[in-house]
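Asker: Got a sequence here, can you build the structure:
(2 chains)
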Amino acid sequence: MAFFAKPRSSVRLGCRRRLFLRSFSSEHARDNDIVIVGGGPAGLALAAALAANPIAKNSLKITLIEGGDLSKIQDWGMPPNAYSNRVSSITHTSQHFLNRIGIWDYVEHARTNPIHQMQVWDGVSGARITFDTSAIPESSEMARMTENLNLQRALLRKLSDTPSVQVIHSVKVESIQREAGDHNDWPLVHLSNGATLRARLLVGADGFNSPVRSFAGISSYGWSYDTQAVVATLNHAPRGPFQVPNNTAYQRFLPTGPIAFLPLSPCTSSLVWSTKPHLAAALNKSSPGVLEQLINAAFRLPEPSLQYIYRRLLEGTKSSEEIKEEIMFRERSDGISSHSAYASATSMLSDGGIPPDDADALPPLVTSIQQGTIASFPLRYNHAESYIGEGAGSRTVLVGDAAHTVHPLAGQGLNLGLGDVDALSRCIIQALRHGGDIGSYTALIPYARERYFGNHKVMSAIDKLHKVYSSTAQPVVWARSVGLEVINELDSVKAALMMNAGASSRLENASGWDLLAKSIESLAGAASTSKMVSGMIGAGMQELAKNAGQRIFGRP
Amino acid sequence: MSTHIYEFESQMQARRYARVWPHRVGRNRTAGLQLSSVAATSSTVNATEIAHFSRLSSLWWNEQGEFSLLHRMNPVRVRYIREKILEATYEDQGEDARRELESKCAVLTGMDVLDVGCGGGLLSESLARLGARTIGIDASESNIGIASTHASGDPQLSSSGNSLEYRHTSAEQLVKEPKRFDVVCSMEVIEHVDNPVAFLSACAQLVKPGGHLFLSTIARTPLSYFITILAGEYVLRKVAVGTHTYSKFVNPSELISFFQTYRSSPSSSSNPTDFGDFGSDASPRPWITRTYAHGLPTRLEADVRGIVYIPWSGEWKLMPRSSTPWGAVECNYLFWVRRPLDS
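Answerer: Reported below is the predicted structural model:
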C-alpha cells in the first residue's frame, strides 16, 4: 500500500508529475545513505545534484523529508504578469551548477529576467557606483532574477522523474536520536507518521532554526539586525523607447537599511526594503496607495526629507492623499523640478516622451503593488561554528540557511546555499569513488574546507556593508562615498567586484569577493577610527571637543 | 621460522595496553618488538580485554583521535589502488574497458582482495565498498573483533551482496591455504615486521598471476626520522611515542631489489607449500625485470609514489610519478608491483 501524508493527496494520484511516495513499515527503522531534512531550494538541489551523478545515483539511497506540502509547489503557477514576492538573483556560478545537474531547463525561463546592470548609491552622499556587464567580457548578464518557487518547482519536477530519490512531504521530523550502542551509531530520524529513518549521513537543509543543527550540537554565532525586510511585487510602466530596458537592479543605501528594486519583467519588479522594525510595521499596515508613494520617495528624496516623511507616517499620516501632500511639499522645498526623474509626487513626466537625462539613474515610478505580496521578515546574521557534526553529533552536515544566514542586501543567501550543495555533492561523490563512508568526518572534511572560510568572507563583507551604510557620521559617509566613487572610476577593480555576480569560475568569484572584502574592510576601518577619535575625547575636553566638532564637521 | 609480528595495529594496541597497564607489560617495554608477545599470548580473551574492547573500538574509529592521520591517509591509498587497477585494465583490455570501469564506483567488483594487517578495518571497509570480495587479516584478535563489530553496523557491508570477512591469522598461515588473491594490500605494516624479506615473500605468494601487491611504508632517511619520529611522536605527539623504529623503515630501493630477484614458482597458485624461489634459472622471470638508469622500475612492472601530509590542509597528497630517483619518496610512500601474468 502506498503511504500518503494526507488522505486527500491520493485523489490526485493520476497526475503524471506526482511526487514519488513509497510504502514502508512504521515499526522498523529503514536504512538510508542520506536523509535530507528540509525541502527548500538547498535540500532539493542536493538531492537533484546527487541523482544527476551516475555513481551517486546507483549507490545511494536518498530520502528527503519536508514538513510542508510540496505538491502545492510542484503544481505552482501564476498568471504571466503576476509574480511571487520571494525572488533571488541566481548568479552565473549558480546557473552553471543548476545547468550541470539538469535543473535549469526545468525552470520557466519566461518568468526569469536577466540583470545587465546594477546601480548602487549612497543614500546620504549620493555617491554612486554602476556595475555593467560590458565590463565582463564573456557574459551578457550578471545574474538572473528568479522566483524561489520557480526554482523549487523545477527541482521537484526533476526529482519526480528520479525514482532513486524518495521525497516524503507533509511529514514532520518529531525527533532525532542517536542509535543506542557504543560505536558506529547512526542518527535515527523519527517522523510524525510513525516511521523511523536510520541515516548514514543526515543533512540539515532545514533553515535558520535547524533541528539537525541542534541535534548535532553545533552552536552558531550571530545576531539579529535591528532591521526588518519588507518585500512586495511592484507594477510600473514599461521603460520608454529611449531608455534601457528593465534589466537594471537599483539599490540605495539609506541609514535605516538598503532599499532594492529588482527587475522581473518589463513592467514588474520586486522590492526588498530593509528598514527599522517600527518603520517596517508602519509600511506593512499602511493604507492602500501609501507604500507605492513611499517606495518612489525612498529612491528619490534627500535623506533629511525622508526622515521627515517617516516621522509623518509614524505620527499617523494615514491616507494616500495626505502622504502625497507631504511628499509634494518636500519635493518643492528640496527644489526638485517636476520634470526631473527625482520627482515622484509632483512628476509631470508622461510615458513615452523623451526622458530626462537622469532617468536611467532611478527605477521607474511604481504605480501599484500586486495584491497579497506585501510581507516582512526579520533580518539576521548567523553562522554555524562548524558544518560537520562531531562526537555525539557525528554523521551530520549542514547546508544553506541551516549553516548560515545573511542580510539579503547582496542577494547572496540562495547562491551561498547552492554553492554549499555543489561542494557537498562533489565531496560525497569523491568519497564514493574512494570507497569512503560518506557519513564519516574524514569524508566530509573537504566540503567544510571548501566552503567555510569562503562563506565567512562573503558573509562578513555583507555584514560590514550593512553596518558601514547604517552610519550617518560624516567621516564615515565621506570615506564610503570616496570609496564608491573611486571604485567606480577603476574599471578593473569594478570588473573584479562584479565577478560575484557574473563569474563562471569559483576562483574569479573568490577574487571578486576578496577585493570587495578588502574595500569594505578599509571602510569599516574608517568607521571605527571615527568612533575611536570620539572615544578619545575625554570628559574634561568636552567644551573643546564641541568647538572642534563644530569646526571640523560643521555641525553642533 | 621466525615469528613475524607485522601488525602496526597490534603494536599500537600493545603500546596502548602498555600505557594503561604498565605493570602487565613492563618486561616487554625494553624492546619494541617483544611487545608483540602481548598480542601473541593474549589470544584467549580475558576480562581485561573485554573491558578494553569498546575503548579500543572508539579509538580506532575516532576520526579526530590518535588514528586521525591514518583515517586521512585512507582516501589517498584507495585512490592509488583505484588508479593502478584502472591502469592495468587499460594495459590488459584497452581504453574502452578502462573507461567503462572508471564510470563505475565499484572498480574492484569480482576481485578477491586481501588486506594484511587490517587493524580496525579502515582500508578493508573501503575495499569492500568498491565491490571487492575482501578478507582482512590481523594478528591481533581484538582488532579483528573491533573491525567485525564496526562493519556489522553498516548495512552496506553486512548485507549479503557484499562480502567482507575478517580473520585472526597471519599471511604465513594464509599461504598454507589454497586461496590466492587478485589484490593483496599491506599498508603501514612492513616497517613493523621482524623479517621483512620473509614477510614480502609471504605476501607475494598470496598474489594470483597478473595480480597486484600494494604496500605502503616509510623510507629510512634523515627526513623521515625527523618527520615521523622526532616531530610526529615526540614534539607534536600526533602518534604515540614508540610507534616507529627508525632502523626498521624500508627504502623503496630495497623493495625494488627484492622484486628484481623474487620469482614466483609456476605452481605457486596451486601449491600451498611454495615459498618462492630466488635466482634459480629454471624459474620464470622476476617481478621486476628492468629498471631505468636511476634505479626506478618501468611503469608496467612496479611503481613508487610519495605521499606527503600537508599540515595546513590536514590532507595527505599523492605525489606525481617522479623522473628523478627519489623525488618526494623520502618519507611516506606507496609501492605497487604486479605479478607477471606468465609466471
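Asker: okay, stretch B:89-106 in CSV with CA atoms only?
Answerer: Provided in CSV are the C-alpha atoms of stretch B:89-106 (Å, rounded to 0.1, in the frame of the first residue of the first chain):
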residue,chain,number,x,y,z
THR,B,89,42.7,-2.6,-17.1
TYR,B,90,43.9,-0.2,-19.8
GLU,B,91,47.0,-2.3,-20.4
ASP,B,92,45.2,-5.6,-20.5
GLN,B,93,41.9,-4.7,-22.2
GLY,B,94,42.3,-1.3,-23.8
GLU,B,95,40.9,2.2,-23.4
ASP,B,96,37.2,1.2,-23.7
ALA,B,97,37.4,-1.2,-20.8
ARG,B,98,39.2,1.3,-18.7
ARG,B,99,36.6,4.0,-19.4
GLU,B,100,33.7,1.7,-18.6
LEU,B,101,35.3,0.7,-15.3
GLU,B,102,36.1,4.3,-14.5
SER,B,103,32.5,5.3,-14.8
LYS,B,104,31.6,2.8,-12.1
CYS,B,105,32.2,3.3,-8.5
ALA,B,106,32.9,-0.3,-7.7
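Asker: Export only the CA atoms of stretch A:116-130, formatted as PDB.
Answerer: Provided in PDB are the C-alpha atoms of stretch A:116-130 (Å, rounded to 0.1, in the frame of the first residue of the first chain):
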ATOM      1  CA  HIS A 116      22.600  43.700 -17.200                       C
ATOM      2  CA  GLN A 117      23.400  46.500 -14.900                       C
ATOM      3  CA  MET A 118      23.400  47.300 -11.200                       C
ATOM      4  CA  GLN A 119      23.300  50.800  -9.800                       C
ATOM      5  CA  VAL A 120      24.200  51.300  -6.200                       C
ATOM      6  CA  TRP A 121      24.300  54.600  -4.400                       C
ATOM      7  CA  ASP A 122      24.800  56.100  -1.000                       C
ATOM      8  CA  GLY A 123      21.600  57.500   0.400                       C
ATOM      9  CA  VAL A 124      23.400  60.300   2.300                       C
ATOM     10  CA  SER A 125      26.100  61.500   0.000                       C
ATOM     11  CA  GLY A 126      24.700  60.300  -3.300                       C
ATOM     12  CA  ALA A 127      28.000  58.700  -4.400                       C
ATOM     13  CA  ARG A 128      27.200  56.100  -7.000                       C
ATOM     14  CA  ILE A 129      28.700  53.000  -8.500                       C
ATOM     15  CA  THR A 130      27.500  51.400 -11.700                       C
END
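Asker: shaky segments in chain B?
Answerer: B:1-58, B:160-162, B:266-283, B:322-328, B:343 (pLDDT under 70).
Asker: give me the residue from it nearest chain A.
Answerer: Residue of chain B nearest chain A, by Cβ to the nearest Cβ: residue B:126 (3.2 Å). To be clear about C-beta, it is placed using only N, CA and C from the backbone, and glycine gets the same treatment.
Asker: wait, isn't that residue in contact with residue A:435?
Answerer: Yes. Counting by Cβ atoms under 8 Å, residue B:126 touches residue A:435, with 3.2 Å between them.
Asker: So for those two, which residue has more residues nearby?
Answerer: Using other Cβ atoms under 10 Å in any protein chain shown as the criterion, residue B:126 and residue A:435 rank with residue A:435 on top: 27 against 24.
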